[in-house]
Each structure stands twice: as C-alpha cells, then as structure tokens.
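Peer 1: Generate a structure from the sequence data that follows.
(one chain, ligands or ions: 2)
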Amino acid sequence: MQHYSLTAPAKINLHLEIIGDRADGYHELVMILQGIGLEDRIDLYAGSTQAIHLHCEHPDVPLGPDNIAYKAAQLMCREYSQAYAQYGGLEITIDKKIPVAAGLAGGSTDAAAVLVGINLLWKLGLTQPELQTLASQLGSDIPFCLEGGTALALGRGEELSPLQGLDQATVILAKHRNLFVSTAWAYQSYRQRFGESYYQKPETIEVGKKQAHSADLVSAISQQDYLKIGQLLYNDLEKVVFPEYPKVEALKSAFQEEKEVLGAMMSGSGPTVFALCSATAKAQDIIENVRSKINDSTVEFWTTELTNRGIQVKS
Ligand SMILES: C[C@](O)(CO)[C@H](O)COP(=O)(O)OP(=O)(O)OC[C@H]1O[C@@H](n2ccc(N)nc2=O)[C@H](O)[C@@H]1O
Ligand SMILES: Nc1ncnc2c1ncn2[C@@H]1O[C@H](COP(=O)(O)OP(=O)(O)OP(=O)(O)O)[C@@H](O)[C@H]1O
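Peer 2: Ligands and ions are numbered 1, 2, ... in the order given. Now for the predicted structure:
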C-alpha cells in the first residue's frame, strides 16, 4: 500500500495585533508567526475502500468530519475526484504530541500535513501557491503551517511574508491541563470590548500595506536580536483571555520573574503561555521555579526550540 509519513510542527505567535473587523466576520490581523519543534506525526495510506478513515488515540481529537485534517482530506477528494477514484480511499493516523485547543495550531498543522501528503500520494504535482489556496479555504493558520519558519501574516492570517528564520532559542510551553479557550469566543469578546478602538491605536508604523506597531519586532528579527524579541512580544487576545482566566496571567508573570527568560506571552487565543529563553538557558531549573511559585499540579510543561522546519516528509 502507498504510504507517506510526515511531521507537522506547532506554532507560537510572537505578535498578534487585531487592527479591524472584516466583512466576512473575521478580524484583520498583523501577526508574526513562528514554528516550534513540538510536532505531531501524520501517516497517510492510500486505502482500498472509497472512504476517509482517521485514527488518533488522543481522547479530545475528533475522528470524523469535525477533525480539520479530515476536512483537508475531504477537500482534496472533492477537488481531485479523478485521483481519489484512481487511488482509492485514505487512511490517516495522527500521533498527537501537540496539546489540543491550546493556541498552538495543532489541528491546523495536521491539516497542512494532509494536504502535502495527499499531493505526494496521488502524484498531483501541486505547487506551493496552489497548496496555499487550498489551505486558506480550510482555516486561517493553515497557510502558515504549510510554510513554517518565521513569517509576517496579514489579512485573516493567510497573507504571508517570510522573515529571517529564528532557531537559536529554547521555548518553554506551559498550560493548565483542563483549560481550553475557544478561538471564536476570544475574537468575539475582543470585538465586543475593544472594537471601537481598532483604528485609533497609538504608535502605528507602516508594515507592508497595513498600519501596525510590529515594525520594531520585524527589525529585531532581521537583526537576530533575541533579547529585543523577548521584550517586544505582543498579543491583543491577552486582554480578553486574562480577565476571564486569571491563572493564565499568573503563569505568564511567574515566567517573567525568571532571570533567564527573555520574554513570556500567551500564544494565539491561549491558554498556552510560552517563555522564550536563550539556547543555553537551564530550562528544567526555570520550570521547577515556576512550578513551585504557582503551586498548581494541573499545569503541564514542555521544552522545545524555535525552528525553521515546516512540514517534513519522513518516508
Ligand atoms: C488565534 C490564531 O491561532 C492566531 O494565529 C488564529 O488567528 C486563529 O486561526 P484558526 O484557528 O486557524 O482560525 P479559523 O479556524 O480560521 O477561525 C476560528 C475562529 O476564529 C475567529 N477568527 C479567526 C481568524 C481571524 N483573522 N479572525 C477571526 O475572527 C473566527 O471567529 C473563526 O470562527
Ligand atoms: N487534528 C486535530 N487536532 C486537534 N484538535 C482538533 C483536530 N481537528 C479538530 N480538532 C478540534 O479543534 C479544536 C481546536 O483544536 P486545536 O488543537 O487545533 O486548537 P488550537 O491549537 O487552539 O488552534 P489555533 O491555534 O489554530 O487556533 C479542539 O477542541 C478539537 O476538538
């Protein structure tokens, strides 16, 4: 049976700024997205039946059409129905290592890997821009997940400009085990509370075609100045998630007190908090200090690194 095995990295948001609402109900964003070393593994087989089957042992991951990776496979079957008929159905296995509903684009990166894998499995020869068009129909984070690395993302998050890659830093992730934040809720709450100030933000500097104050961070990235990058981390969604979930803010503060932490921030719509540290930092010591300060046994930690790797085909 034809088979491809791929790895799919998670992302963090070094910058997430909401600059307006859009006619399609989404929000106009200026983001800087960054791939990290924590990865899911996706196995894809051309099956013998005319159906899509998805397997995953993680209890919080849906196995049917609610799974975004399943939706990616459905889209490919619709768009390339001849190849689908020729190669038969699809067996998809997800080995889930990325925390679920955590603001780390876990589902989005699985979906990106499925697009890449089916392109190979069915020998479609789709180019990266063609895959990008499919990805942006499925979700706002999926185009970035297809590319990986470091990128400025505008529009809904799908208008990407690559930035100089960052791979010389350790990242510690921390998340309360039973805490999940809905992305739709976070954006909706932001609109209700801050919508009127969208176009009145101070310190605006031109970035590409849009106005935003991420320019200093873009320049720190081009200079590979990790100290400055740590100081310039920014996320508008903290303004709605922190008041609702104060323990997420407490986690961020605990990291910020650590001498070896360059900066700490909530990723995406949360609730994961990440701490950026130098590549030589003693991550385990930082984790132990934070663990004892917050004294909450439901907090889980992961240590990883910034990476330029996107979706990779392993076999
Ligand atoms: C929070 C982030 O992860 C940061 O990278 C993304 O902005 C969200 O990316 P995503 O989960 O791929 O988002 P989608 O699946 O496209 O949308 C989920 C929900 O988030 C809201 N949403 C998302 C992106 C955007 N630019 N504006 C929005 O308002 C919408 O309510 C949408 O219903
Ligand atoms: N392949 C998948 N992996 C994980 N969750 C999935 C997947 N497909 C669908 N889901 C569902 O989507 C919800 C969001 O999960 P996901 O891990 O993608 O969130 P996220 O990391 O916050 O996403 P983002 O950062 O893109 O907003 C979960 O509650 C889960 O039930």
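
Peer 1: Could you count how many residues lie near Thr298?
Peer 2: 11 (other CB atoms under 10 Å). Every C-beta, even on glycine, is put in place using the N, C-alpha and C of the backbone.

Peer 1: tell me the pLDDT at it?
Peer 2: At Thr298, the model reports a pLDDT of 97.

Peer 1: Can you give me the pLDDT of Lys314?
Peer 2: 88.

Peer 1: Contacts only, for the residue nearest to it when sequence neighbours are not counted.
Peer 2: The shortest distance from Lys314 to any non-neighbouring residue, by CB to CB, 6 or more residues apart in numbering, is to Ser5 (4.5 Å). Going by CB atoms under 8 Å, 6 or more residues apart in numbering, Ser5 touches Arg41, Ile42, Asp43, Leu44, Val313, Lys314, Ser315.

Peer 1: Relative to ligand 2, which of those is nearest.
Peer 2: Ile42 (9.0 Å; CB to the nearest ligand atom).

Peer 1: Wait, that closest one touches Thr93, no?
Peer 2: Yes - contact between Ile42 and Thr93 holds when scored by CB atoms under 8 Å: they sit 7.2 Å apart.

Peer 1: between those two, which one's more packed in?
Peer 2: When neighbours are counted by other CB under 10 Å, Ile42 and Thr93 differ, and Ile42 comes out ahead with 27 against 15.

Peer 1: hmm, stretch 113-126 in reach of ligand 2?
Peer 2: No - judged by CB under 6 Å from any ligand atom, stretch 113-126 stays clear of ligand 2, getting no closer than 8.9 Å.

Peer 1: pLDDT on that stretch, on average?
Peer 2: Taken as a whole, stretch 113-126 carries a mean pLDDT of 97.

Peer 1: Quickly find the element holding Glu130.
Peer 2: Using DSSP states H and E, Glu130 sits in helix 128-138.

Peer 1: would the residue nearest to Lys314 count as being in a strand?
Peer 2: Yes - looking at Ser5 with DSSP: H, G, I helix; E, B strand; the rest coil, it is inside a strand.

Peer 1: which residues does it form a beta bridge with?
Peer 2: Asp43 (DSSP bridges).

Peer 1: about what we covered before: find residues that contact each of Ile42 and Thr93.
Peer 2: Common neighbours of Ile42 and Thr93 (CB under 8 Å, 6+ apart) do not exist.

Peer 1: got the contact list for Pro99?
Peer 2: Taking CB under 8 Å, 6+ apart as the test, what Pro99 contacts is Gly106, Leu173, Lys175, Thr272, Glu300, Trp302.

Peer 1: Drop anything exposed from these.
Peer 2: Gly106, Leu173, Lys175, Thr272, Trp302 (16 or more other CB atoms under 10 Å).

Peer 1: Quick check on the closest residue to the third one other than its chain neighbours: phi, psi?
Peer 2: Among residues not flanking Lys175 along the chain, Thr272 sits closest, at 4.5 Å (CB to CB, 6+ apart). Recorded main-chain torsions at Thr272 are phi -70, psi 140, according to degrees, to the nearest 10.
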